[in-house]
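**Q** coords below, sequence missing:
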């Protein structure tokens, strides 16, 4: 519509009045608008233009509706994706699809120019469907072997490295990893698998003794995991924690197990949502998940591909940002169970 | 597409192959599909059908992108809305629009059959725009005077009453209300204004002495508000808390101020998101926000209206569900500051 308004030398609102016939517009003005629309090949509205150009300027965000709860970062991804698409004149539709067959039905409807897949699994069954249908698509996340696929994902390995840099820089020598346990629906879910692999790799590279603790994704299970960590690995003085839903329980479980945070145990969230960070009390330091960037960059990836199908396939990994809020400090000097309380700072 | 598949006696997948020309299909089968499409007036795809019927079968969810952070309930609203629309053969597009002029531009594009407005304010400037354009719309929330407008909202008054029923049933006689302070962008934001009005009304009706505490929407401010409540109103033994972002800080601030929860102070969340409930530690009892119902019901309201513009205007208020998790208990028998610790239960 902006092109019509520009060519006719009127406001968008005036064009809207003419198109929708909602308000009287001076005959000369109306004629100018209609001439501009004709000259620009603008028929009735975006639908007509879409049909004429075989482009709907609509892309879909496909996410699982039933198989698991979307994390707190998902809202940021979705809203940022919509904003980025709108800035380029595209609309984003939401497709709650739980299986590949359902996705195929949606695509076959012909509404969208392309699809972004959220909550990608290691061997995602939606990928071959989109390849077979010839639909342009991109991943918000990654499969296990994403070589030929366009994707934007969080840099889990980079976040693990940044977290270890911070904690080792404070003097910690035993840093554990706390992960969420996944049900069968999420077996092979990228974030957990990649974070664990990166942690084991970094531990080997840096000569650290790796300790991995897991719990279901709820606070009560976090308590149990923290108690187990304290009992089984008394030498551990810091934890990288990916399991956001269990995080508050894990921190309280550490305290219940005789540790103070950060006095005798540092906790650093990994890929923690900005939402969780902003409501946590006591505050939690974390490598924060780049939710809005994930939404924005994945939309640009897909729209660039629509504009130039021959363009190189994008593989983009987004870093997290280290947010220090007081849950990390240098390790205690005495063994944790006998030392005197000490308040450290993040400096 | 299902109607084409049914009429041709083939699977949806086969229809998709024919329409998109993505796989070889036997000539006889193809002919049957094409005959069914012709008979049913199905042109190329949903776009063609939309243009022919002057119905796009797309509705928009409009939300503010910049003016404030969407609450944790928003993700449930958005995803449930998409699912409900899809079940009825509609698509949901997301419109991140911060002002009425921008909304007008979007509507003028002609893409959608109707609009749902999220994060509705008391005197929402988007409403007159949609009325002037003649666009079917509904509110997820309410304006101050929503008489002629279709809306689905949470029943804040009902949630306050349910919360008071629970706390008074436990024996509390002084129940305070904890609210979020709103910046200028949210002056007149319905949930806070309606909850406060309902609380003052119920307090009068039930002969209670009302106490309202407010803080900015962050945990640190919650601490300060809790300390102020304990110092200024020592007789208060229970709190209804609407300010979710400050909730963890508020609870910890109570403990820091010498109260145990629920031993000497009960805390009951109001319209708290299922997300916050599921990650809270220690667990928080609350009247839980009906996020998914809000998304589903508002979509049905709008689609019913599109199907029958003469239908009665819907005004629907959705109740919250009381979720007891251990942060409420009978009030202490002795004055809170001098009594012995007592652990109560929710019974």
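**A** Perfect, thanks for sending it. Note that this is a predicted model, so its numbers are computed, not measured.

**Q** does residue A:294 really touch residue A:138, like I thought?
**A** No: judged on C-beta atoms under 8 Å, residue A:294 makes no contact with residue A:138 at a distance of 11.5 Å. Any C-beta I mention is one placed from the backbone N, CA and C, and that applies to glycine too.

**Q** if I look at the two, which residues touch both of them?
**A** Common neighbours of residue A:294 and residue A:138 (criterion: C-beta atoms under 8 Å, 6 or more residues apart in numbering or on different chains): residue A:152.

**Q** pLDDT weak spots in chain A?
**A** For chain A, the stretches flagged by pLDDT under 70 are A:19-23, A:37-54, A:66-69, A:183-188, A:334-347.

**Q** Let me see the contact set for the residue sitting nearest the centre point of chain A.
**A** Note on chain A: the residue nearest the mean C-alpha position is residue A:291, at 4.4 Å, using C-alpha atoms, centre = their mean. With contact set as C-beta under 8 Å, 6+ apart, residue A:291 has these partners: A:73-77, A:80, A:273-274.

**Q** Show me the strands in chain A, by range?
**A** For chain A, applying DSSP state E gives strands covering A:58-63, A:91-96, A:114-117, A:137-140, A:151-154, A:175-180, A:212-215, A:238-241, A:266-272, A:285-288, A:315-318, A:321-323.

**Q** looking at the ones you listed, which is closest to chain B?
**A** Among these, the nearest to chain B by C-beta to the nearest C-beta is strand A:91-96 (3.8 Å).

**Q** can you give me the helices for chain A?
**A** A:2-8, A:12-20, A:27-39, A:46-53, A:73-87, A:100-108, A:126-133, A:156-169, A:190-206, A:219-232, A:247-256, A:274-279, A:291-307 (DSSP state H).

**Q** Output the contacting helices and strands for the second one.
**A** In this structure, helix A:12-20 packs against helix A:2-8, helix A:27-39, helix B:100-108, with contacts taken as 3 or more C-beta pairs under 8 Å, 6 or more residues apart in numbering or on different chains; DSSP states H and E.

**Q** Would you mark the buried spots in the shortest one?
**A** It stands for helix A:2-8. A:4-5, A:7-8 (16 or more other C-beta atoms under 10 Å in any protein chain shown).

**Q** Quick one: list the elements packing against that helix.
**A** Secondary elements touching helix A:2-8 (3+ C-beta pairs under 8 Å, 6+ apart): helix A:12-20, helix A:27-39.

**Q** so can I have CSV of the ones you listed showing mean neighbour count and distance to residue B:266?
**A** Converted to CSV, those look like this (neighbours: other C-beta atoms under 10 Å in any protein chain shown; distance: least, C-beta to C-beta, whole Å):
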stretch, mean neighbour count, distance to residue B:266
helix A:12-20, 20, 54
helix A:27-39, 15, 63
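
**Q** Which one of those helices lies nearest to residue A:318?
**A** helix A:12-20 (34.3 Å; C-beta to C-beta).

**Q** Between helix B:100-108 and the closest one, find me the angle.
**A** Taking axes from the mean of the first three to the mean of the last three C-alpha atoms, to 10 degrees, helix A:12-20 and helix B:100-108 form an angle of 30 degrees between their directions.

**Q** Just want the angle from helix A:12-20 to helix A:27-39.
**A** 80 degrees.

**Q** ok, back up a step: in JSON lines: the helices of chain A, plus distance to residue B:200.
**A** Below are the helices of chain A laid out as JSON lines (distance: least, C-beta to C-beta, whole Å):
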{"stretch": "helix A:2-8", "distance to residue B:200": "48"}
{"stretch": "helix A:12-20", "distance to residue B:200": "42"}
{"stretch": "helix A:27-39", "distance to residue B:200": "52"}
{"stretch": "helix A:46-53", "distance to residue B:200": "48"}
{"stretch": "helix A:73-87", "distance to residue B:200": "32"}
{"stretch": "helix A:100-108", "distance to residue B:200": "48"}
{"stretch": "helix A:126-133", "distance to residue B:200": "52"}
{"stretch": "helix A:156-169", "distance to residue B:200": "47"}
{"stretch": "helix A:190-206", "distance to residue B:200": "46"}
{"stretch": "helix A:219-232", "distance to residue B:200": "34"}
{"stretch": "helix A:247-256", "distance to residue B:200": "33"}
{"stretch": "helix A:274-279", "distance to residue B:200": "27"}
{"stretch": "helix A:291-307", "distance to residue B:200": "38"}
